[in-house]
Structures are given as C-alpha cells and as structure tokens.
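**Q** The following comprises the amino acid sequence and a computationally predicted model.
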Amino acid sequence: MNDEARRVTKPSGRSDGTGQPSSSRGPSGAPRSGRRDRDRAAATDASFLERYRSAILGVALVAGVALVGGFIFLSATSPSYACSTEFQPSSADPSGPGSVESDMGRGHVPPGEFVRYTYCPPASGSHVNLSGQGPIQARFYGPNDSVVPQGWIHNLEHGGLVLLYRCDPGVCDEASQSALRQFYDTFPASPICAVPRGKIGPVVARFDQMPKPYAALVWGRVLYLDSLDTTAILDFWAQEGERSNPEPQCAGPSASPSVAPSPSP
C-alpha cells in the first residue's frame, strides 16, 4: 500500500497512548468523568446531614412528641401541693371545739400552681380565685375525685365547712361513703347567715395527709375525729361556723345590749 493510501485509512481521532479516543480527555488532558462517576462522587462528598436528613427529622419528631407527652403525664400525676408537716394540736382549745391552726394567709394563685402549706390539712392559705375551681362546688366527692386544697380553702374563706376523710380501711367502703353522702344531704344552713346547703358548703372530700381518719374544718380551725361523729361535727359547725372566715356572707350579729338597772328616780 502506498503512503497516500495509509494516510487515508488512518483513524482521524488521535490516540492518547492508552487506546482511548481523545474525546475521553478534557481540555487539560485529564480523563473526563462520565455522569455516573460524577453522581457517585457527589454522593460521597455530601455531608452526613444531607445524606440522613429524612432519618434525622423523623427521629427529632418522635423525640419531640415523647418529651411533650412525658411533660403532660408528669404534670397530670405530680401533686399540686405539699405540706411541711401534719397539724398536731397541742391540747384541746378551751374556747370551743376543735383546735386553732396558725394562719397561713389567703393569697390567690392561678390554677395548677404548686403550693407548699405549713400544715396539712390546711385551714387557711393560698388558694384559687376562679369560678368553679375556687370556691369549688359544695357537694360530696368520692375517693377518686380530684380535689385539692387550693380549691376548698376558698370555700373556708367564705364561711363554708369542709369535711375531709382519709381512705383508711373501713372509711372508703360503701357503708362509710353512704354515711358521708347522707351527712351532706342533711347538712343544715349556716349558723349566722343561714346560707343554704350546697352554696358554699359543705365540701366532703378525700384527703390523706392528716393524722386522723376525719377532720372537720372552718377557717383557721380543725376538729379531728377517729370516727364519723356527725353530732360532734354539727356542734363544731354551730359554735365555730362563720365566726372566723375573712369574707363573711352577711353582716355579723350585733352585740347584745347590756342590761343595766333602771336609774333610781
């Protein structure tokens, strides 16, 4: 074959010495990468956050839901009050039935705010001032009803009586619960203002943080009982009811006029 024929049949593409056509190299002479190689390199160079963004967001969402649920559960199960000590009368008060408990004030707190009382059961102290939550509805509350001092202390402030029972054996059985309901149903009007049953008192509710199975309370005064002695409670109510509460429901009784001998003519 002559030299002219060899020139015609020689491939027009230039070899790079490796058998690859010149199109596989870039302008700088370096081999060009295909699309698959570029995608693989981009995936390799992507950050951890970019590669696992969906998984990280999913885990964060689950963790957030769990934290919110845990907070709600703890809020619902944690007590909203505590007491430094149980009230222990030193001796019977000669001024009347029951015993005087030191005053713990009467400030207002929002519903759900934690309150620490000096004594339990508290016959005074911080309480809620919101319709339906303090004063609370005067009625019989069963062992599983949620009733806290922040509510019924406001009933005491208005002159109501609160009867608390501790869920000891023989106190929360059906017979005892029936007796407590009957006590509420037959409770008389208040001794001074004649406030009818169900308006301010009585509140009959479970309360376990006390040394006796029963306690009758008016503002600042506690009558402990080993059994449901309704006669003793009603006597306590007649003598001490509406005498000490700071927000009376009517004008107090006027003082009796003194009896003096008629002047001599």
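**A** Looks like it arrived, so ask away.

**Q** so where's the stretch 1-150 of the chain uncertain?
**A** For the stretch 1-150 of the chain, residues meeting the criterion pLDDT under 70 lie at 1-53, 55-78, 91-94.

**Q** so what's the residue nearest to residue 221 when sequence neighbours are not counted up against?
**A** Once flanking residues are discounted, residue 221 sits nearest to residue 98: 4.7 Å by C-beta to C-beta, 6 or more residues apart in numbering. The C-beta positions use only the backbone N, C-alpha and C, and glycine is treated the same way. By C-beta atoms under 8 Å, 6 or more residues apart in numbering, the residues touching residue 98 are 216, 218, 221, 222, 223, 224, 236, 240.

**Q** Which of those residues has the largest number of neighbours?
**A** residue 216 (27 neighbours; other C-beta atoms under 10 Å).

**Q** ok but that residue is inside a helix, no?
**A** No - under DSSP: H, G, I helix; E, B strand; the rest coil, residue 216 sits outside any helix and is assigned strand.

**Q** Quick check: it touching residue 163?
**A** Yes - here residue 216 reaches residue 163: they are 5.3 Å apart, a contact under C-beta atoms under 8 Å.

**Q** for the protein, what spans make up the helices?
**A** Here the chain has its helices, by DSSP state H, at 3-9, 35-45, 48-51, 53-77, 149-157, 174-185, 230-240.

**Q** Could you export the contacts of residue 98 to a markdown table, including columns for pLDDT?
**A** Formatted as a markdown table, the contacts of residue 98 follow (pLDDT from 0 to 100):
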| residue | pLDDT |
| --- | --- |
| 216 | 98 |
| 218 | 98 |
| 221 | 96 |
| 222 | 97 |
| 223 | 96 |
| 224 | 96 |
| 236 | 97 |
| 240 | 96 |
